[in-house]
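A.B. asks: pasting a predicted model and its sequence here:
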Protein chains: 2
Amino acid sequence: MRLATLRSGDGTVAAVAAGAEWAVLPHSDVGDLLRDPDGLRTARAVAAPSPAEGPATPAGGLAPVVPRPSKIVCCGHNYAGHIREMGRDLPEHPTLFTKFADTLTGPADTVTLPAWAGRPDWEAELAVVVGTPLHRATRDEALAGVAGYTGANDLSVRAWQHHTGQWLPGKAFDATTPLGPVLVTPDELDPATGLALTCRVNGEVVQSGDTADLVFDAPALLAYISAFTRLSPGDVVLTGTPAGVGAATSPPRFLADGDVVEVSLQGVGVLTTPIRIEFEECA
Amino acid sequence: MRLATLRSGDGTVAAVAAGAEWAVLPHSDVGDLLRDPDGLRTARAVAAPSPAEGPATPAGGLAPVVPRPSKIVCCGHNYAGHIREMGRDLPEHPTLFTKFADTLTGPADTVTLPAWAGRPDWEAELAVVVGTPLHRATRDEALAGVAGYTGANDLSVRAWQHHTGQWLPGKAFDATTPLGPVLVTPDELDPATGLALTCRVNGEVVQSGDTADLVFDAPALLAYISAFTRLSPGDVVLTGTPAGVGAATSPPRFLADGDVVEVSLQGVGVLTTPIRIEFEECA
């Protein structure tokens, strides 16, 4: 089953893929649907198999598939190949930080940054969306608590990320994290089997990863996080990015005004993000 | 004016000090009051000077003064004396991380941690509560946007804080950050003039700071944060802790079952936190 949050007038509606169409559901977005204990059942009743590429994007466009998660937790340093090529040992614990819901933006939205937000960079990621409350969950409980998978670009402002040792400022610029385009339920998609995760900048492939290469997979991350904080339906976990970010390229390469970033996750779809740099002054 | 969030039945109510009593307001908590453009005016109309120690704590007790902020941002390494005694230079940028609203707990609540949450430690802090929307605010706009000041204990699980270089897990255990006891408006309290900030463990003074010693003061922090993310009424910023945390004591000292931590902020009041360690097994 493929779920999306469609923009509609001033708001949004949840929808499920039903053949070549999106069937609108009685929820304001996919997070709202997941918080309703009957939400997935309601969606399942009208879902129908779609063409491989899914229904066409509706006229109003797509919002972040979960626009207002109560918690967004992100993992860094999580692809084994990338860690080894940096000469590091595999970590014992996941490297975690957070984003605010305000960071999210739609899967085809333009990301606008002021010029003083220096060294913007791409990070193609698999994102996991929580479906049931999780508190000190075992790995099996965590896996059973996954609502589905989607894609993300953890677009990072490297200059602000490295102002200090804590990454928050460079990870939390408002409306800079595309999330979507759709949520695919676990009966149709299993990242452990290996999904291709690709990032292109202006058409050129810059990242080419495989979700089977995650050091901490979705259930491992949810179990670890739920040891210290309760997770709720609609919460989002970004699982980290494979090799090939701009900061690690030689010479380093960053996003410029007019660039277009495409993150593609096999079985989920593509996030297309035009970049706009504003040359206003900093207050 | 002194505002509090009182526990009442299954919920909470906002209240303002009116002489020796708390006058209940038509808002569910102080965050709800701050989000109402008329909230502070409503409170001001019934406020009256109180004895120095404020009205007595009501029978139901106090909730976190702002129980559900949309954003909580915290600063580390922010007291000049502490930074210099560690042999470090004063930083150019604040070191920021976040907490979830679920971390908050009332100013007299017991904090319960599992035994596997190793090396729990205290951090007495001044907290700033936002009163107006702030986006790329100047220092003056930020200062004008402060709703008031309160106290906090950024109680930190050092073992989990240092699992990796990112501090989140040790800072985000649910219900471990006492916030309160009351919010004091800026017309009555100015941290720049120097407020005594003290932490006692079982009666022994372990931290003794002065808010005039902050490297990044309240308006500096709000201006910096609002450069990357919008702040809203009721958002909370923890400003960091002075010298004397347990991890920096020689030999290091951590909290144990039965300890009582008291954070005292001049002009605001005292947070009293009994510590309970549960010796259950980790899932």
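C.D. replies: That came through fine.

A.B. asks: mind checking the SS state of A:W160?
C.D. replies: helix (DSSP: H, G, I helix; E, B strand; the rest coil).

A.B. asks: for it, list the residues it contacts.
C.D. replies: Neighbouring residues of A:W160 by C-beta atoms under 8 Å, 6 or more residues apart in numbering or on different chains: A:117-118, A:169-170, A:173, B:228. For the C-beta atoms, the positions are set from N, CA and C on the backbone; glycine is no exception.

A.B. asks: make JSON lines from those residues and add secondary structure to it.
C.D. replies: Listed next are the contacts of A:W160 as JSON lines, based on three-state DSSP:
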{"residue": "A:A117", "secondary structure": "coil"}
{"residue": "A:G118", "secondary structure": "coil"}
{"residue": "A:P169", "secondary structure": "helix"}
{"residue": "A:G170", "secondary structure": "helix"}
{"residue": "A:F173", "secondary structure": "coil"}
{"residue": "B:F228", "secondary structure": "helix"}
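
A.B. asks: ok, A:P26 touching A:T42?
C.D. replies: Yes: counting by C-beta atoms under 8 Å, A:P26 does reach A:T42; the two are 7.1 Å apart.

A.B. asks: these two: which is more packed in?
C.D. replies: A:T42 (16 against 11; other C-beta atoms under 10 Å in any protein chain shown).

A.B. asks: pLDDT score for the more buried one?
C.D. replies: What the model reports as pLDDT for A:T42 is 97.

A.B. asks: what values do phi and psi take at the nearest residue to it once chain neighbours are set aside?
C.D. replies: Nearest residue to A:T42, sequence neighbours excluded (C-beta to C-beta, 6 or more residues apart in numbering or on different chains): A:L25, at 6.2 Å. Main-chain torsions, A:L25, degrees, to the nearest 10: phi -110, psi 160.

A.B. asks: remind me which residues of the stretch 151-283 of chain A are low pLDDT?
C.D. replies: A:281-283 (pLDDT under 70).

A.B. asks: contacting residues for A:H162?
C.D. replies: A:G170.

A.B. asks: look up phi and psi at it.
C.D. replies: Main-chain torsions, A:H162, degrees, to the nearest 10: phi -110, psi 20.

A.B. asks: over to A:E92?
C.D. replies: Dihedral pair for A:E92: phi -80, psi -30, per degrees, to the nearest 10.

A.B. asks: okay, now A:A56: neighbour count?
C.D. replies: A:A56 has 10 neighbouring residues, counting by other C-beta under 10 Å.

A.B. asks: I'd like the contacts of A:W160 laid out as JSON lines, including distance to B:G11.
C.D. replies: As requested, the contacts of A:W160 are exported to JSON lines (distance: C-beta to C-beta, whole Å):
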{"residue": "A:A117", "distance to B:G11": "41"}
{"residue": "A:G118", "distance to B:G11": "46"}
{"residue": "A:P169", "distance to B:G11": "35"}
{"residue": "A:G170", "distance to B:G11": "38"}
{"residue": "A:F173", "distance to B:G11": "35"}
{"residue": "B:F228", "distance to B:G11": "34"}
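
A.B. asks: got a quick ChimeraX command for the buried subset of these?
C.D. replies: Typed into ChimeraX, the line below selects the buried ones among the contacts of A:W160, using 16 or more other C-beta atoms under 10 Å in any protein chain shown:
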select /A:117,169,170,173 /B:228
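
A.B. asks: which of the contacts of A:W160 lies closest to A:A48?
C.D. replies: A:F173 (38.8 Å; C-beta to C-beta).

A.B. asks: state the distance from that closest one to B:T185.
C.D. replies: Going from A:F173 to B:T185 by C-beta to C-beta, to the nearest Å gives 31 Å.

A.B. asks: what do you get for A:L3?
C.D. replies: Distance from A:L3 to B:T185, by C-beta to C-beta: 45 Å.

A.B. asks: for A:V157, same thing?
C.D. replies: Distance from A:V157 to B:T185, by C-beta to C-beta: 35 Å.

A.B. asks: when these two are compared, which one has more neighbours?
C.D. replies: More crowded of A:V157 and B:T185, by other C-beta under 10 Å: A:V157, with 25 against 20.

A.B. asks: was I right to think that one contacts A:P114?
C.D. replies: No: if you go by C-beta under 8 Å, A:V157 and A:P114 don't touch, sitting 9.7 Å apart.

A.B. asks: near chain B, which residues of the stretch 51-200 of chain A?
C.D. replies: Contact residues, the stretch 51-200 of chain A versus chain B (C-beta under 8 Å from any C-beta of the partner chain): A:70-71, A:73, A:76-77, A:91-98, A:100, A:102-103, A:117, A:136-138, A:157, A:160, A:163-169, A:172-174.

A.B. asks: for the closest residue to A:V46 other than its chain neighbours, give me its contacts.
C.D. replies: If the residues on either side of it in the chain are set aside, A:V46 comes closest to A:A23, at 4.6 Å by C-beta to C-beta, 6+ apart. A:A23 makes contact with A:15-17, A:46-47, according to C-beta under 8 Å, 6+ apart.

A.B. asks: what's the answer for A:E278, then?
C.D. replies: With C-beta under 8 Å, 6+ apart, A:E278 has these contacts: A:112-115.

A.B. asks: closest one of these to chain B?
C.D. replies: A:P114 (8.3 Å; C-beta to the nearest C-beta).

A.B. asks: just checking, the closest one touches A:D257?
C.D. replies: No: when contacts are counted by C-beta under 8 Å, A:P114 is not listed as touching A:D257 (11.3 Å).

A.B. asks: between these two, who's got more neighbours?
C.D. replies: Remark: of A:P114 and A:D257, A:P114 carries more neighbours, 18 against 13, as counted by other C-beta under 10 Å.

A.B. asks: beta partners of that one?
C.D. replies: A:E278 (DSSP bridges).
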